[in-house]
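A.B. asks: Provided below for reference: sequence and predicted model.
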Amino acid sequence: MKHAASRELYAYWQELRGRRPAPERAEIEPAAIRGILSETFIVALDRPGGYPFRLAGTRVCALFDRELKGTSFLELWDQTSRRTMTDLLATLADEWVGTVAGVSALNNDGEAIDLELLLLPLSATRPALQRSIGILAPMKTPQHLGTSLGKLTLGGRRHIGPAVEKRLLPRFLAPRSRRGLVVYDGGRS
């Protein structure tokens with residue numbers, strides 16, 4: 001994660017979740033992340049509904065020069081990226097795996113803008129209430145403020161979160177405990 005807002009939200013999310021796959025959406029306290037609220041958004045993980053925005057910070061809305069609440073998150077993306085983003089959101093909902101990604105877009109003046117996207121799962125008591133909290137922030141302030149972005153293009157990305165970390169831990173590094181003794185598998189039979 002390159003953007004300070006992404007790092008701050010991820011640290012807060014990690015702290016809240018503890019040993020669980022994700023924190024509850026009701027646990028998110030806006031005052032705790034007040035410094036990054038303007039770059040933060042919440043998306044309903046509602047596949048048939050097109051993944052609508054539940055909330056969007058002022059800077060996120062300013063990027064598109066309109067209020068985003070209630071609009072489809074997928075509408076922001078170009079056709080190729082939209083298919084990939086649909087898959088990423090499904091993975092987030094089904095496997096509790098977050099994503100950090102590079103994003104690019106052109107503003108109305110034709111200036112290329114690089115952004116960072118962070119998507120993290122939030123747990124809920126019912127699948128219909130599943131949400132994702134995220135960050136969408138430009139890597140540097142655009143030359144001309146007040147012009148909206150065109151369609152977003154997804155760049156490089158990687159999955160993040162406890163499910164990924166657990167899968168990536170090599171077998172020989174995972175300790176097994178036997179009566180106070182820790183045994184590390186060395187790979188030989």
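C.D. replies: Nice, thanks for sending it over.

A.B. asks: lowest-confidence helix or strand of this protein?
C.D. replies: Least confident helix or strand of the chain, by mean pLDDT, DSSP states H and E, is strand 176-178 with a mean of 49.

A.B. asks: and the end-to-end length of stretch 122-137?
C.D. replies: Using Cα to Cα, to the nearest Å, the gap from the first to the last residue of stretch 122-137 comes to 20 Å.

A.B. asks: Buried residues in the helix or strand hosting residue 99, which are they?
C.D. replies: According to DSSP states H and E, residue 99 maps onto strand 98-106. Using 16 or more other Cβ atoms under 10 Å as the test for burial, strand 98-106 gives 98-103, 105. All C-beta spots, glycine's among them, are computed from the backbone N, C-alpha and C.

A.B. asks: quick one: the residue most central in space within the chain from residue 69, how far?
C.D. replies: For the chain, the residue nearest the mean C-alpha position is residue 119 (0.9 Å; Cα atoms, centre = their mean). Distance of residue 119 to residue 69, computed by Cβ to Cβ, to the nearest Å: 17 Å.

A.B. asks: remind me, longest helix of this protein?
C.D. replies: The helix spanning the most residues in the chain, taking DSSP state H as the definition, is helix 79-95.

A.B. asks: what distance separates that one from the middle of the whole chain?
C.D. replies: Averaging C-alpha positions (Cα atoms, centre = their mean, to the nearest Å) puts helix 79-95 11 Å from its chain's average.

A.B. asks: Spatially, what comes nearest to residue 140 if we skip its sequence neighbours?
C.D. replies: Nearest residue to residue 140 in three dimensions, chain neighbours excluded: residue 114, at 7.6 Å (Cβ to Cβ, 6 or more residues apart in numbering).

A.B. asks: where do the strands sit along the chain?
C.D. replies: For the chain, applying DSSP state E gives strands covering 40-44, 53-56, 98-106, 112-122, 131-138, 153-160, 176-178, 181-183.

A.B. asks: Quick check, residue 7 in contact with residue 1.
C.D. replies: Yes. Contact between residue 7 and residue 1 holds when scored by Cβ atoms under 8 Å: they sit 5.0 Å apart.

A.B. asks: Residues touching stretch 65-85, excluding its own?
C.D. replies: The contact list for stretch 65-85, computed with Cβ atoms under 8 Å, 6 or more residues apart in numbering, reads 41, 43, 49-56, 60-61, 64, 86, 89, 146-148, 151-154.
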